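Asks: this one's sequence-less:
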């Protein structure tokens, strides 16, 4: 009897360096320790001599959450979409938020800080099941000892908490801030946060009290949850279990917390149904920060313009999709 399953193989791009390999190894070690329906499942790794290190994870047929949301903007039928693809409903959005908060509550419980929570790093499996992925930046910490990042590297500024930008401190509460940004991405069907704002200005605006405005299609109650996630004081932000309970209650109530009609999202700066789902909406999305911390812990920011890519921060990894039986046969021949 023939048996096979499709899997995703994550490996490094040809131009990746030692730091990227370290992140991939870190992701592998983290995934070995986790098991939750809303966290991507590790199936194995390829460590063949002479071949690049790769990790094998479960295949998510619907792709990234951000790409899925953007494809759902189309008012007219899209021939590239699967026949069973339906436009996102308000209940879908609440379900996505609920699932992500459940997965993050689990990670927080086992003392893992993700540090790169964003819609692009959430995968969608069949049945619209959310899977938190991309654990290359994840670290094992204890709540009493906030993780302090002192290494040089690109960081997703527009998803980062204010204390992470100012002091490089990462906790589960900084992940909660990022979750608030993910909520905004969900409501705006995959738009880039802080529309029209250059990335180098984000920190100063946040420090002075600026927060993204309520999208026109979002209810006040749902927006209030976002704002709580963006509280200046980390201790005043809700934890992920509280967020899970909030979204579970919203799903039970079945009230109209948002409108997914694309015509209801009136801001052309962050919503344009003509933009391809995997293409950055502006050149601003291609700007990242390179962060340094010297011995005195003084932060230096250097603007760096990177090549256009289908991510706000270009990824050093690539995905391959193979049938498990093919992979097994290849190993047997070797």
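Replies: Looks like it came in fine. All values reported here derive from a predicted model rather than from experimental measurement. Residues are numbered from 1 along each chain as shown.

Asks: What number of residues are in the vicinity of residue 28?
Replies: 21 (other CB atoms under 10 Å). No exception for glycine: its C-beta is placed from N, CA and C like everyone else's.

Asks: nope, residue 93 is what I meant
Replies: 22.

Asks: Tell me the pLDDT of residue 308.
Replies: Confidence at residue 308, expressed as pLDDT, is 28.

Asks: Ignore what I typed, I meant residue 30.
Replies: With respect to pLDDT, residue 30 has a value of 82.

Asks: Could you give me the buried positions within the strand or helix carrying residue 204?
Replies: Residue 204 is part of helix 202-207, with elements assigned from DSSP states H and E. Residues of helix 202-207 classed as buried: 202, 203, 206 (neighbour count, 16 or more other CB atoms under 10 Å).

Asks: Please report the distance of the first one from residue 188.
Replies: Here residue 202 is placed at a distance of 17 Å from residue 188 (CB to CB, to the nearest Å).

Asks: try residue 235
Replies: Residue 235 is 28 Å from residue 188, by CB to CB.

Asks: More neighbours: those two, which one.
Replies: Under the criterion of other CB under 10 Å, the comparison of residue 235 against residue 188 puts residue 188 first, with 24 against 7.

Asks: Am I right that the more buried one is in contact with residue 213?
Replies: No - using CB atoms under 8 Å, residue 188 is not in contact with residue 213, being 11.2 Å away.

Asks: Residue 224: neighbouring residues, count only.
Replies: Neighbour count for residue 224, taken as other CB under 10 Å: 12.

Asks: Likewise for residue 242?
Replies: Residue 242, neighbours per other CB under 10 Å, totals 14.

Asks: for the helix or strand where it lies, packing partners?
Replies: For residue 242, the enclosing helix or strand under DSSP H and E is helix 240-253. Judged by 3 or more CB pairs under 8 Å, 6 or more residues apart in numbering; DSSP states H and E, helix 240-253 is in contact with helix 90-109, helix 172-187, helix 220-229.

Asks: which residues touch the helix holding residue 204?
Replies: Residues lying outside helix 202-207 but in contact with it, judged by CB atoms under 8 Å, 6 or more residues apart in numbering, are 157, 158, 162, 165, 166, 194, 197.

Asks: average model confidence for it?
Replies: 96.

Asks: Over to stretch 224-242?
Replies: Averaged across stretch 224-242, pLDDT comes to 98.

Asks: what's that stretch in contact with?
Replies: Residues from elsewhere that reach stretch 224-242 (CB under 8 Å, 6+ apart): 101-102, 104-105, 108, 161-163, 171-177, 179-180, 183-184, 209, 211-212, 243, 246.

Asks: First-to-last residue distance for that stretch?
Replies: 14 Å (CA to CA, to the nearest Å).

Asks: So which bits of it are buried?
Replies: Residues of stretch 224-242 classed as buried by neighbour count (16+ other CB under 10 Å): 225, 226, 228, 229, 230, 231, 234, 237, 238, 239, 240.

Asks: Residue 134 reaches residue 116, doesn't it?
Replies: Yes - Residue 134 lies in contact with residue 116 (CB under 8 Å); the separation is 5.9 Å.

Asks: Tell me which of the two has more neighbours.
Replies: Neighbours per residue, other CB under 10 Å: of residue 134 and residue 116, the larger number sits with residue 134, 23 against 20.

Asks: so how far is residue 198 from the more buried one?
Replies: 25 Å.

Asks: low-scoring stretches of the stretch 1-150 of the chain, by residue?
Replies: 1-3, 75-86, 136-150 (pLDDT under 70).
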